[in-house]
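Engineer: Build the 3D model from these lines:
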Amino acid sequence: MDLTIRQATPDEYDTLGEITAQAYLRDGLLDFGESDAYLDELKDVAGRAAAAEVLAAVADGHVLGGVTFVPTGGPMADIAGPGEAEIRMLAVAHAARGRGAGEALVRACVDRARATDGCVRVVLSTQRTMRTAHRIYERLGFVRTPERDWNPLPQLDDITLLTYELTL
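Structural biologist: Numbering: from 1, shown residues only. Predicted structure coming up:
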């Protein structure tokens, strides 16, 4: 498989939005299923691309997955502070998993962070059940930062996002 990581193009936004939404839905990561408000955000690749960099993993002309890279803050940042880039919404199509696309997307984000002036760290949030993603992060040198764990929906006690960071 000839895998390429590059900036997503507007004609791929709908496909990438659907891959991202389906990855979260199929993995049981959305609490309210199809009615979850976060689902709309996952599908809105054009909105993400206007505020951050959306990367696509492409092989043989097909989009396999994508990620949102947020360099040093901005409206798409959830937890990034000064000097930190953030990785958000990493998703790989179910049929394409296990082929290295997820790891390649994370590596591309790390490379972009290293090329960003003043960036000293990459941070991210993840759900407890995203164990495959945790293994990728840890293999690439990310470490858990439990002091930064947070709850995006304080009205629901059981949604605590785990955080990781990689010092560059």
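Engineer: Show me which residues of the lowest-mean-pLDDT helix or strand in the chain are buried.
Structural biologist: The helix or strand with the lowest mean pLDDT-type score in the chain, counting by mean pLDDT, DSSP states H and E, is helix 37-43 (a mean of 83). By neighbour count with 16 or more other CB atoms under 10 Å, helix 37-43 contains the buried residues 38-39, 41-43. Just so you know, the C-beta spots here come from the backbone N, C-alpha and C atoms, and that holds for glycine as well.
Engineer: Would you mind confirming that residue 24 makes contact with residue 40?
Structural biologist: No: between residue 24 and residue 40 there is no contact, the gap being 11.7 Å when judged by CB atoms under 8 Å.
Engineer: The chain: helices as residue ranges?
Structural biologist: Assigned by DSSP state H, the chain shows helices spanning 13-26, 37-43, 45-51, 101-114, 131-139.
Engineer: returning to that earlier point: between which two of the buried residues of helix 37-43 is the distance greatest?
Structural biologist: Using CB to CB, the two most remote members of the buried residues of helix 37-43 are 38 and 43, lying 9.8 Å apart.
Engineer: do you know which of the helices of the chain lies nearest residue 58?
Structural biologist: Ranking the helices of the chain by distance to residue 58, with CB to CB as the measure, places helix 101-114 first at 9.0 Å.
Engineer: what does that closest one contact?
Structural biologist: 3, 5, 53, 55, 57, 59, 64-67, 69, 71, 85, 87, 90, 92, 119, 121-122, 132-133, 136-137, 139-140, 166, 168 (CB atoms under 8 Å, 6 or more residues apart in numbering).
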